[in-house]
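Colleague: dropping the sequence and predicted coords here.
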Amino acid sequence: MGSKQIISSPSSGSAASKKIEYPFWFGGAASCIACTVSHPLDLTKVRLQTTHGANKASTIYTMIRIVKDEGIRGLYSGLSASILRQITYSTMRFGVYDKLKNIVSKNQEQLSFPKKIFCASLAGSIGGAFGNPADLVMVRMQNDAKLPSHLRRNYKHALDGLYRVIKEDGFRGLTRGIGPNVNRAILMNSSQLATYDQSKQMLLSTEIFKDNIITHFACSLLAGLVATTICSPVDVIKTRVMNSSSEAKSILQVLTNIISKEGPLALFKGWVPAFVRLGPHTVVTFMVLEQIKNLYNKRLAFKTEKATATGLS
């Protein structure tokens, strides 16, 4: 995670802009900050997605029930696993995406939207596989209080959850749900990162928008909306599979079962809390990431000026 890659300066929209070497972990750090804001909404989404049959409970009602039954701390169940997931999944997906963009681009020109989708999809598949163990533990911790007492896993924290999964199911248990998780990660990255980059590029080319916080907010909000809609069906299936017992059915069986018994709209269960969660999460992630990069740019500029002044003296 300490490695670095060369990507475009966020303060420049031109292809000829000076390339700046950013630490690989910047995206993961921004995502960790964002997840502390969005975790209660992510937990609510999981609770709604794991509700079988007709589900008429609203997001607000579900959150109120959680607080009533489990207290305020109940909204942060599985937070340690959520942070671990961002450290693994988001660090890889952001870092690999920026690295791939630099490799694919010729003469450092702006990539086309299809190329951005390709880079984001490949990065998402790597990030999804890398972060699957933490994602598995996070889903189980978030849904644990909803289960009957005799079925609860009662993980103490994320690392305890990983240890328990390995102890009870072997290392293979850490791969439960990896199929839908990787598929979701591909859809998430291709819709979220590529949409953000493309919309930012388009807005900056109009000469109306500047590379500032307003543009970052608008592009990240759009990216969150697109990503939520595209990822919802796979997210529901992934959550059902990860929360299931060792006798879980295949992904196709889970999909067929949902559609036949609950209807196609069941694949969009939890869409509202998913967007309410992913919208702010996406906005905070990209805005924090842009600010981290700007601070890094200023630090480099200061060091360069200092070195130049020292050389002239």
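Modeller: Arrived safely, thanks for sending.

Colleague: where do the helices sit along the stretch 51-200 of the chain?
Modeller: 59-70, 79-85, 91-104, 113-143, 158-169, 178-204 (DSSP state H, counting those that start in this stretch).

Colleague: can you put the ones you listed in JSON lines and add mean neighbour count, mean pLDDT and distance to residue 225?
Modeller: C-betas here are computed from N, CA, C, even on glycine. Output for the helices of the stretch 51-200 of the chain, formatted as JSON lines (neighbours: other CB atoms under 10 Å; pLDDT from 0 to 100; distance: least, CB to CB, whole Å):
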{"stretch": "helix 59-70", "mean neighbour count": "15", "mean pLDDT": "87", "distance to residue 225": "16"}
{"stretch": "helix 79-85", "mean neighbour count": "23", "mean pLDDT": "88", "distance to residue 225": "22"}
{"stretch": "helix 91-104", "mean neighbour count": "22", "mean pLDDT": "92", "distance to residue 225": "19"}
{"stretch": "helix 113-143", "mean neighbour count": "23", "mean pLDDT": "92", "distance to residue 225": "16"}
{"stretch": "helix 158-169", "mean neighbour count": "16", "mean pLDDT": "91", "distance to residue 225": "29"}
{"stretch": "helix 178-204", "mean neighbour count": "22", "mean pLDDT": "92", "distance to residue 225": "9"}
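
Colleague: residues touching residue 120, list them.
Modeller: Counting by CB atoms under 8 Å, 6 or more residues apart in numbering, residue 120 touches 97, 189-190, 192-194.

Colleague: quick check: it vs residue 278, distance?
Modeller: To residue 278, residue 120 is 16 Å away according to CB to CB, to the nearest Å.

Colleague: cool, and residue 189?
Modeller: Going from residue 189 to residue 278 by CB to CB gives 13 Å.

Colleague: how about residue 22, secondary structure?
Modeller: Classification of residue 22 by DSSP: H, G, I helix; E, B strand; the rest coil places it in strand.

Colleague: count the residues that sit near it.
Modeller: 24 (other CB atoms under 10 Å).

Colleague: one step back: let's have the helices of the stretch 51-200 of the chain in JSON lines, adding distance to residue 258.
Modeller: As requested, these are exported to JSON lines (distance: least, CB to CB, whole Å):
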{"stretch": "helix 59-70", "distance to residue 258": "19"}
{"stretch": "helix 79-85", "distance to residue 258": "24"}
{"stretch": "helix 91-104", "distance to residue 258": "27"}
{"stretch": "helix 113-143", "distance to residue 258": "16"}
{"stretch": "helix 158-169", "distance to residue 258": "24"}
{"stretch": "helix 178-204", "distance to residue 258": "12"}
